[in-house]
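Asker: Turn this into a model:
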Amino acid sequence: MIMKKILLFVSILAFSANISAQDFSWGPKLSLSSPSLKLKDVKELGTVDEFVALLEERDAKLGYQIGVFARVSLLGIYVQPEVLFSNSSTEIKFTDVMDEENNPVDVIGEVSMNKIDIPVMFGKRFLRVFRVNAGPVFTLLLSENIKQEGLSDTFKEVKANYKNSTIGLQLGAGLDLSIVTIDLRYELGLQSISDNITIGETEFATDQRLNQFLLSVGIKF
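Answerer: So this is what the prediction gives:
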């Protein structure tokens with residue numbers, strides 16, 4: 001249902017471009033991203049303790065986005081919808097694994113996701129080349145994978161129960177140089193991408209939010 005509304009919105013913008021071509025531009029876009037998976041309110045289910053800090057967030061990995069954008073300007077304000085294929089990776093640490101001497105051992109898992117991101121940015125131009133913008137981003141999950149570092153088999157039994165669609169917020173600034181457009185944005189997750197995660201026989205309830213910095217370059221036609 002959300003996807004149909006987004007496609008309808010993009011179609012309306014494309015139709016308006018035929019009315020005023022000088023206020024319409026479009027083109028391909030490539031972004032580099034630095035995603036970070038934020039874990040909040042982590043609770044191990046089925047234990048006496050209210051809080052067990054065995055699941056932790058780790059370092060971000062470099063990701064990318066590739067797709068197309070369109071921009072429609074009217075009275076100094078512009079709307080810029082985008083459709084992007086996105087790949088992002090980040091790390092989590094799980095420590096409920098024991099070695100031969102019954103000591104805890106850290107296991108690092110890399111969470112990789114393939115998504116379709118659809119930002120709809122509303123912005124203002126200054127001095128013809130500078131821009132500021134903000135707007136919602138709709139994310140549709142295509143696939144996810146969690147792989148581990150180390151010898152443990154724990155991460156081979158992971159059920160993350162990631163949601164098929166989520167909504168976030170992007171805000172940032174941009175620069176237009178002739179046909180080249182450059183953007184730096186920060187994306188903030190407005191809702192958890194999953195309500196729980198199961199690793200082996202251990203289940204956690206946690207608020208998982210994917211935040212990221214984005215640096216992009218596009219070509220305007």
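Asker: now do the same end-to-end measure for stretch 177-196.
Answerer: Distance across stretch 177-196, first residue to last, is 45 Å (C-alpha to C-alpha, to the nearest Å).
Asker: ok, now stretch 178-198?
Answerer: 50 Å.
Asker: Return the set of buried residues in it.
Answerer: 181, 183, 185, 187, 189, 192, 193, 194, 197 (16 or more other C-beta atoms under 10 Å). Where C-beta positions appear, they are placed from N, C-alpha and C, glycine not excepted.
Asker: Show the contacting residues for the third one.
Answerer: Contact analysis of residue 185 by C-beta atoms under 8 Å, 6 or more residues apart in numbering lists 133, 170, 171, 172, 213, 214, 216.
Asker: That one and residue 31: what is the separation?
Answerer: Going from residue 185 to residue 31 by C-beta to C-beta, to the nearest Å gives 9 Å.
Asker: again, but for the last one
Answerer: Residue 197 sits 27 Å away from residue 31, taking C-beta to C-beta as the criterion.
Asker: Then the fifth one?
Answerer: Per C-beta to C-beta, residue 189 is found 17 Å from residue 31.
Asker: same deal with the second one?
Answerer: Distance, residue 183 to residue 31, by C-beta to C-beta: 8 Å.
Asker: Could you tell me which residues touch both of these two?
Answerer: The contact sets of residue 183 and residue 31 overlap at 214, 215, 216 (C-beta under 8 Å, 6+ apart).
Asker: Any regions of this structure where pLDDT drops low?
Answerer: Flagging of the chain using pLDDT under 70 yields the residue ranges 1-22, 40-54, 57, 96-105, 149-157, 200-201.
Asker: and if we set it to 90?
Answerer: Within the chain, the ranges that satisfy pLDDT under 90 run 1-23, 34-62, 73-76, 88-113, 126-128, 144-163, 191-211.
Asker: where along it do the strands fall?
Answerer: For the chain, strands defined by DSSP state E occupy the ranges 24-44, 55-60, 63-74, 77-94, 107-126, 130-149, 158-159, 165-177, 180-189, 196-199, 202-219.
Asker: What is the nearest of the shared contacts of residue 183 and residue 31 to residue 90?
Answerer: residue 214 (14.4 Å; C-beta to C-beta).
Asker: and the closest one, what does it touch?
Answerer: Contacts of residue 214 were listed using C-beta under 8 Å, 6+ apart, and they are 31, 32, 33, 65, 170, 172, 183, 184, 185, 186, 187.
Asker: same thing with residue 164?
Answerer: For residue 164, the contact set (C-beta under 8 Å, 6+ apart) comprises 140, 141.
Asker: Return the distance of it relative to residue 140.
Answerer: Applying C-beta to C-beta, the value for residue 164 to residue 140 is 7 Å.
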